[in-house]
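Student: compute the structure for the input listed below.
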Amino acid sequence: MDDTTIRTAIAAADGDDPYRALRALHHARIEVNRELDRAEAVAVRRARAAGSSWQLIALALDVSKQAVHKKYGRS
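Tutor: Numbers count the residues shown, from 1 in each chain. Next up is the predicted model:
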């Protein structure tokens, strides 16, 4: 996602059509969350490859060790 998409969604909030504004903001949020989830997964893989423990990763993400292992650990 580029900054233009976010700016457009935010600008829509000031427009005359509140439904359109809500839809634009909702779609922008979904796209941003997807990108952040992908970036987080890459960072976790890199941290594990560098020898970081699940506990250290969990501390960085402010979640429990079990939660981070469940989300990113191999079965």
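Student: where do the strands of the chain begin and end?
Tutor: Ranges of strands within the chain: none, based on DSSP state E.
Student: where does it have low pLDDT?
Tutor: 1, 75 (pLDDT under 70).
Student: what do you get if the cut-off is 50, keeping everything else the same?
Tutor: Along the chain, segments meeting pLDDT under 50 span 75.
Student: so where's the longest helix in it?
Tutor: The single longest helix within the chain, with elements called by DSSP state H, is helix 18-49.
Student: ok, the residue of the chain most remote from its centre to residue 7 distance?
Tutor: Distance from the C-alpha centroid of the chain, by Cα atoms, centre = their mean, peaks at residue 16 (29.5 Å). Residue 16 sits 18 Å away from residue 7, going by Cβ to Cβ, to the nearest Å. Just so you know, the C-beta spots here come from the backbone N, C-alpha and C atoms, and that holds for glycine as well.
Student: just residue 61 next, same as before
Tutor: Residue 61 is 28 Å from residue 7, by Cβ to Cβ.
Student: and those two? Which one has more around it.
Tutor: Neighbours were tallied for residue 61 and for residue 7 using other Cβ atoms under 10 Å; the higher tally belongs to residue 61 (16 against 11).
Student: for the more buried one, which non-adjacent residue is closest in space?
Tutor: residue 68 (5.9 Å; Cβ to Cβ, 6 or more residues apart in numbering).
Student: verify the contact between the one you found and residue 44 for me.
Tutor: Yes: applying Cβ atoms under 8 Å as the test, residue 68 and residue 44 come out as touching, 7.2 Å apart.
Student: and for the two, which residues touch both?
Tutor: Residues touching both residue 68 and residue 44 (Cβ atoms under 8 Å, 6 or more residues apart in numbering): residue 57.
Student: check which residues of stretch 17-25 are buried.
Tutor: For stretch 17-25, the neighbour count (16 or more other Cβ atoms under 10 Å) marks 21, 24 as buried.
Student: how far away is the spatially most central residue of the chain from residue 55?
Tutor: Central residue of the chain (Cα atoms, centre = their mean): residue 36, 2.8 Å from the mean position. Distance from residue 36 to residue 55, counting by Cβ to Cβ: 22 Å.
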